[in-house]
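In: dropping a prediction and its sequence here:
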Amino acid sequence: SYICALTLCLSGCSLTPASIYDEAAPYAYHDADKYSDLFRNNLQYLRLDADFQSAYGQIFTAVYDNVDAEVLIQENGEERPGIRIPLEQAQLSGDDMAQLFEAFFHDNPQFFFLDRTYSVEGSENDGKTTYDTVILRFTHNYKERTLAVQQLDAVVEEILAACPTTTDEYEKELYLHDQLIDRCRYDDVAAMHSSAEYANAYSAYGALVEGKAVCEGYAKAMQLLLNKANITNTVVLGNARSDQEAHMWNLVQINSAYYYVDYYLDPTWNDDETTPHYSYFNISAAMLEKTHILDDQLVTVDCVDVNDNYHMRSNTFIDTYERDAIAAAIATNINQGKAAVHLRFAEGKFENALLFLKNSTLTYNKVTPYLAEGKQLWEYELFTHKGQNT
């Protein structure tokens, strides 16, 4: 017997009263490999088994082919933007469908117009329920989608046009990170409301086109930029230890090693009104766990390397509390024209170093002899992140 749709939410899989869909809707996108070049290296996709990958490919084809088409679904007797996708040879459980949708949703920030709720249809035989159709809702109608996609593509192309032409993935990643931070501000209003009310703030579109987003928008914008630069990455879900709030950041593969990158948890993390911070740029799992709680992920990798951590690469990791060594590191940054100096201290060195840096007169006197001609230490404001010793 055929069963009608269940509405499922990415964040909780809650059931709502069944909606009736037109079973004769002419949407069949069974070519799972049509656009495989666009997703075959996606980390979430790669962790799925072959049957799931086939279904993923069919969903990708359906969405990609209808970005600028007027596709509609019937829901509670009314039409709304969305698409009904029968999946060839798919007999999936509810948990299977949830895993499939989560992988697809988190792999594809370019489909920012996807609602995070979806529905499934299937049948029941001998007491076993399986599903073979997924119904996706769109947050924008086709005219809005077409314009928004063009706007996002234009911004991404502009950013990528100036991306360093180097084989060093770290340099590309750092450039993309700084571009994102420069173009986007944290949306405090959206953070107090649901994604349904402020959908754009939770997307790459909100971050890069509108210039305001919450942590999810930051992470998805960085994911999109890294994808376009052919740098392996995905988004990561979890919580901040400080307040247990839900949070999202990125997992990146840089020069063959994996790292975490984060942007914002409070106003003194990686985004403020003046300059980017790098306390959470390419950190290891051990560093991450001091301030983050990682959810169970579809993608699990070892994040133990520190070679491409920002402070290792910029020679601002300091394993001493000797004042002259700290002063020399500050002077080196100023001599290089840096508008802000970011330092990371080894375990056991942070507190003593902080006492020195809080004494601006002493710091000025120690730094000045190391400065190049015409350079000087400006009046500074001190931001600290004790959890990361920065």
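Out: Done, it's in. Residues are numbered from 1 along each chain as shown.
In: pretty sure residue 282 sits in a strand.
Out: Yes - counting by DSSP: H, G, I helix; E, B strand; the rest coil, residue 282 is located in a strand.
In: quick one, what contacts residue 202?
Out: Counting by CB atoms under 8 Å, 6 or more residues apart in numbering, residue 202 makes contact with 190, 195, 213, 214, 216, 217, 220. (Glycine included, C-beta is placed from N, CA and C.)
In: swap in residue 219?
Out: 235, 236, 248, 249, 250, 263.
In: a helix runs through it, doesn't it?
Out: Yes - per three-state DSSP, residue 219 lies within a helix segment.
In: re earlier: and the contacts of residue 202, which two are furthest apart?
Out: Taking every pair in these and measuring CB to CB, the maximum separation is 13.7 Å, between 190 and 220.
In: more neighbours: which of those two?
Out: residue 220 (26 against 21; other CB atoms under 10 Å).
In: do you know the pLDDT at the more buried one?
Out: In this model, residue 220 is scored at 97, pLDDT.
In: distance-wise, check it relative to residue 371.
Out: Separation of residue 220 from residue 371 (CB to CB, to the nearest Å) stands at 41 Å.
In: what of residue 287?
Out: 31 Å.
In: have a look at these two and say which one is more surrounded.
Out: residue 287 (21 against 16).
In: need the nearest residue in space to residue 135, chain neighbours excluded.
Out: Nearest residue to residue 135 in three dimensions, chain neighbours excluded: residue 119, at 4.1 Å (CB to CB, 6 or more residues apart in numbering).
In: residues near the one you found, how many?
Out: 24.
In: show me where the stretch 51-200 of the chain has helices.
Out: Ranges of helices in the stretch 51-200 of the chain, per DSSP state H, counting those that start in this stretch, are 94-107, 142-161, 169-183, 188-191.
In: how about the longest one: buried residues?
Out: Residues of helix 142-161 classed as buried by neighbour count (16 or more other CB atoms under 10 Å): 142, 145, 148, 149, 152, 155, 156, 159.
In: repeat that for the last one.
Out: Of the residues in helix 188-191, those with enough neighbours to count as buried (16+ other CB under 10 Å) are 190, 191.
In: that helix - what's its average pLDDT?
Out: 84.
In: same question, stretch 225-244
Out: Predicted confidence along stretch 225-244 averages 90 (mean pLDDT).
In: same check, this time on stretch 105-119
Out: 95.
In: give me the distance from it to the chain's centre.
Out: 13 Å (CA atoms, centre = their mean, to the nearest Å).
In: going forward can the numbers begin at 393, since that is how I track them
Out: All set: I'll call the first residue 393, so the last point we hit is now stretch 497-511.
In: ends of it, how far apart?
Out: Distance between the two ends of stretch 497-511: 14 Å, counting by CA to CA, to the nearest Å.
In: just to check, residue 707 is in contact with residue 724?
Out: Yes - with contacts counted by CB atoms under 8 Å, residue 707 reaches residue 724, the gap being 7.2 Å.
In: between these two, who's got more neighbours?
Out: Using other CB under 10 Å as the criterion, residue 707 and residue 724 rank with residue 724 on top: 17 against 10.
In: check contacts around that one.
Out: Residue 724 neighbours (CB under 8 Å, 6+ apart): 707, 762.
In: how near is the residue nearest to residue 527 to residue 493?
Out: 10 Å.
In: residue 433 belongs to a helix, doesn't it?
Out: No - counting by three-state DSSP, residue 433 is located in no helix; its state is coil.
In: neighbours of it, just the number please.
Out: 12.
In: buried members of the contacts of residue 594 into PyMOL, please.
Out: Buried subset of those, written as a PyMOL selection, criterion 16+ other CB under 10 Å:
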select buried, resi 582+587+605+606+608+609+612
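In: just the strands from the stretch 393-542 of the chain, written as ranges.
Out: For the stretch 393-542 of the chain, applying DSSP state E, counting those that start in this stretch gives strands covering 394-401, 464-467, 470-478, 506-517, 520-530.
In: nearest to residue 692, out of the ones you listed?
Out: Short answer: strand 506-517, nearest of the strands of the stretch 393-542 of the chain by CB to CB, at 22.7 Å.
In: distance between the closest one and the chain's centre?
Out: 25 Å.
In: residue 440: what's it in contact with?
Out: 448, 491, 492, 495.
In: rerun at 7 Å
Out: 448, 495 (CB atoms under 7 Å, 6 or more residues apart in numbering).
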